[in-house]
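Participant: Structure, please.
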Amino acid sequence: MTLQQALSFAVLGGAIILFAWGRWRYDVIALGALLVGIVVGVVKPKAAFTGFTSDVVIIIACALVVSAAFARSGVAEMLIRPLIPRLRTARIQVPVFAAATSVLSMLTKNVGALAILMPVAIRVARRTRTSPSCLLMPMSFLALLGGLVTLVGTSTNIIASQVREETLGRPFEMFDFAPVGLGLTLVGLIFVSFGYRLLPSHRKAGAGLNEVIADAAFSVEARVPEGWPKSLAKVSDLKLAEDNVRVAAHIRGEGIRSLAFPDATLLPGDILVLEGDHDAIDRIYGRLPLVEAHRESRVRSETPAEESRSVEAVIQPGSPLIGNSAQRVRLQQEYGVNLMAVGRSGERITERLRDVTLRAGDILVLQAGERALPSAMKALGILPLAERTVRLGVVRRRFLPVIILAAAILLVALKITPVAIGFFGAAMMIILTGGLSIREAYGALEPEVLILIGALTPLSEAVRETGGTDLIAHGLALLLHDAPGLLALGAMMLAALLCSPFLHNAPTVLVMAPIGVALARALHLNPDTFLMAIATGAGCDFLTPIGHQCNTLVMRPGGYRFGDYPRLGAPLSVLVILIGTPLVAWVWPLAHAH
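Facilitator: Numbers count the residues shown, from 1 in each chain. Model prediction:
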C-alpha cells in the first residue's frame, strides 16, 4: 500500500466513521473531509470542486425542481381523488397509496413523490380513523423501490451512471434500471400490502410547530369568475366539506351579503368568504376555478423584476391596525399591501375582509413586493410568524409541469439530449412558464444532499486514482475466488444495503461502485451487473429513519420510533437480496463482461 493510498483510505474512512457516529451533520462532515483531503494532498486543488459541477448534482437539483412543480400542479391529488371515498380501511388504503407513491416515484424523484401524496394519505387516515403509522412507512418504502425504476428516480442510480461513464466510458440510459426496479417494486408492493400489520397500529402522530400553525383557520375571499361552469351552479356543487372548508358568507356582485345556503345559486362576480386551514384553502383553489378576490390588485414593488411574496404575520399590541379595517387604513393604496386572509380564534368572519375590524393577535396573510414587505410590516406593527411557504390563491399551472416532464423524459429516452441537459431544460421551462417562482425553485433544492455529493465525489475519485479501489477489489477477489459469481454479486448488494442506513445512500454508491467495478474485472465478470446490484442495494434503506430522506420524512407524522423501521424493513430487505440478486444477474448477465 502506497502513502497516497493510505491517506485516501484514512480520509474517506474517517468520514465514514463520523457519518456512522451521527454527531455532526452529513454535509459538514463531507466538506470537512474534502478540506482534509486537499490539505494532505490526496485531492488536487484543481479537482477539489469538480463534484459540484458534475452531472449528478445538476440532475438531482433539476429533478427536485421538477418534482416540486409536479406537486404544486395538484395533478396527482386530482387523479387519486375519485378513489378516496372507497378507501375506508387500512387493508385497501395501504396498497393503493403505496402503489400510487411507487408510480409517481418512477416519474419524479422519490422524496418528491412521497411529499406529494403524504398529505392526502394523512387526511384519508384521519377521516377513516386509520392510524397514519399503517400507511406512511409502506409509502416511504415503495417510494424507494419505485425510484429504482428510472435513472432520475433516486440519487443512487444517477451516481452509479456517473461511475459507469467514468470507468466504462458510457452512462446508463434512462430506463436501463427499469426491469430490476419494476420487479422489486412489485415484490415490495405485495409484501407491504400484508406486512403493514407488523407496524404499531395505534401510535399517535407527532406534530411540529409549522404543522400547528398550518392547522389554524383562515378566512379568505374567493371570487366566481366569468365563464363559471354550469356543473357548479350551486354552493352545494362545490363540495367544500370534502376539504374541510366552510362558506361563512355569500356576497353578491352588488354587495348584498347573505349566509351561504347550500342551494344558493352562484353567479359571476359573487364573492365567497371561505374558512379553513392554509392547505385546505390551497386545495380548493387548485380543485375549483375560483380565483383569489384581490388577484388583480397591484402590490408595491421597487423594481419591475421584484417578485411579490406572501407572509403570515400577527398584529402586535399598539399596532395602528387595531380597531381599524384594511379599507380605513388604505392598506393597499398607502402601503402597497394586499390583505389575502385573516385568522381569528373563536369567531367566524362573515363580512368582506376589507371591512373586518382588526384586533391584536389576529393573524394576517399579506402580499406585497419582496422589498416593500419589511418596511410595511414595521409601519403596521405586525410580526412575521414561522417561515413557511404561503400559496393562497397562487395560479396553478395544472398540466404544464406534467407536459414538460413528459417531454424531458421522452427526449432523454430517445437519446435526443443527455439526461442533465434534458432535466435542466425542464426545470428552466417550469420557471419561465410560471410553474414555480424562482424563490420556490430555490426552496425545492436540498442543499445538504447536493453538498454531500459534491464534496464526496473528489474523495471517491482520489481513492480510485491512487489505486485504492483496485487494492480492495484484489483482496475481495482473493476472498471470493472460488465462490460462484452470484454469491459475489449478492455480497456486494448486501454490503451496499447494510451501509446505506448509516452512511446515506449517496456516499455508499460513491465509495462502493468503483470497488464493484474493480472486483468484477478481477473476477472476469460483467461490471454492469455489479454496478446495478450496488445501486439497488444502496437505494433500499428500509432499516433506519436516517439513511434516506423518505424515511425521515414519515417519522414524525407516522409517530414512528427508531425500532419500528426494522419491523417492516428487515423482512423486506431479505426479499430484496433473495429476489434482487438473481433478478439483476438475469437482466445483466454475469458472464457478459465488457
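Participant: which element is the residue nearest to residue 1 when sequence neighbours are not counted on?
Facilitator: Nearest residue to residue 1, sequence neighbours excluded (Cβ to Cβ, 6 or more residues apart in numbering): residue 471, at 6.6 Å. All C-beta spots, glycine's among them, are computed from the backbone N, C-alpha and C. Assessed by DSSP states H and E, residue 471 sits inside helix 468-479.
Participant: roughly how far is that helix from the heart of the chain?
Facilitator: From the chain centre to the centre of helix 468-479 is a distance of 38 Å (Cα atoms, centre = their mean, to the nearest Å).
Participant: Which strands and helices lie in contact with the next helix or strand after that helix?
Facilitator: Where DSSP H and E defines the elements, the next helix or strand beyond helix 468-479 is helix 485-503. With contacts taken as 3 or more Cβ pairs under 8 Å, 6 or more residues apart in numbering; DSSP states H and E, helix 485-503 sits against helix 3-21, helix 505-522, helix 527-538, helix 564-587.
Participant: Go through these and pick out the most buried.
Facilitator: Of all those, helix 527-538 carries the top mean neighbour count, a mean of 29, counting by mean count of other Cβ atoms under 10 Å.
Participant: Kindly export the next helix or strand after that helix (C-alpha atoms) in PDB.
Facilitator: Going down the chain from helix 527-538, the next helix or strand is helix 549-558, by DSSP H and E. Backbone C-alpha positions of helix 549-558 (Å, rounded to 0.1, in the frame of the first residue of the first chain) are rendered in PDB as follows:
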ATOM      1  CA  GLN A 549     -34.900  11.400   3.400                       C
ATOM      2  CA  CYS A 550     -38.100   9.400   2.700                       C
ATOM      3  CA  ASN A 551     -37.800   7.500   5.900                       C
ATOM      4  CA  THR A 552     -37.000  10.700   7.800                       C
ATOM      5  CA  LEU A 553     -40.000  12.500   6.200                       C
ATOM      6  CA  VAL A 554     -42.500  10.000   7.600                       C
ATOM      7  CA  MET A 555     -41.100   9.500  11.000                       C
ATOM      8  CA  ARG A 556     -42.900  12.300  12.900                       C
ATOM      9  CA  PRO A 557     -46.200  12.200  11.100                       C
ATOM     10  CA  GLY A 558     -46.300   8.400  11.400                       C
END
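Participant: Helix, strand, or coil at the residue nearest to residue 131 when sequence neighbours are not counted?
Facilitator: The shortest distance from residue 131 to any non-neighbouring residue, by Cβ to Cβ, 6+ apart, is to residue 201 (5.0 Å). Classification of residue 201 using DSSP: H, G, I helix; E, B strand; the rest coil returns coil.
Participant: Show the contacting residues for residue 201.
Facilitator: The contact partners of residue 201, by Cβ atoms under 8 Å, 6 or more residues apart in numbering, come to 90, 131, 133-134.
Participant: now do residue 55
Facilitator: Per Cβ under 8 Å, 6+ apart, neighbours of residue 55: 158, 162, 418-420.
Participant: Can you tell me which residue sits nearest the middle of the protein?
Facilitator: Most central in the chain under Cα atoms, centre = their mean is residue 112, positioned 2.7 Å from the mean C-alpha point.
Participant: quick one, strands of the stretch 251-400 of the chain?
Facilitator: 257-258, 271-277, 291-292, 308-315, 338-343, 363-369, 382-384 (DSSP state E, counting those that start in this stretch).
Participant: Am I right that residue 59 is in contact with residue 425?
Facilitator: No - checked against Cβ atoms under 8 Å, the pair residue 59 and residue 425 is beyond contact range at 11.9 Å.
Participant: So between the two, which is more surrounded?
Facilitator: Neighbours per residue, other Cβ atoms under 10 Å: of residue 59 and residue 425, the larger number sits with residue 59, 26 against 16.
Participant: and the more buried one, what helix or strand is that in?
Facilitator: Assigned by DSSP H and E, residue 59 falls in helix 55-73.
Participant: tell me how far the very next helix or strand once past that helix is from the chain's mean position?
Facilitator: Next helix or strand after helix 55-73 toward the C-terminus (DSSP H and E): helix 75-80. Relative to its chain's centre, helix 75-80 lies at 16 Å (Cα atoms, centre = their mean).
Participant: again with stretch 424-441
Facilitator: In terms of Cα atoms, centre = their mean, the centre of stretch 424-441 is found 16 Å from the chain centre.
Participant: what does it contact?
Facilitator: Here stretch 424-441 makes contact (Cβ under 8 Å, 6+ apart) with 58, 61-62, 65-66, 68-69, 72-73, 307, 309, 389, 395, 397, 400-401, 404-405, 407-408, 417, 444.
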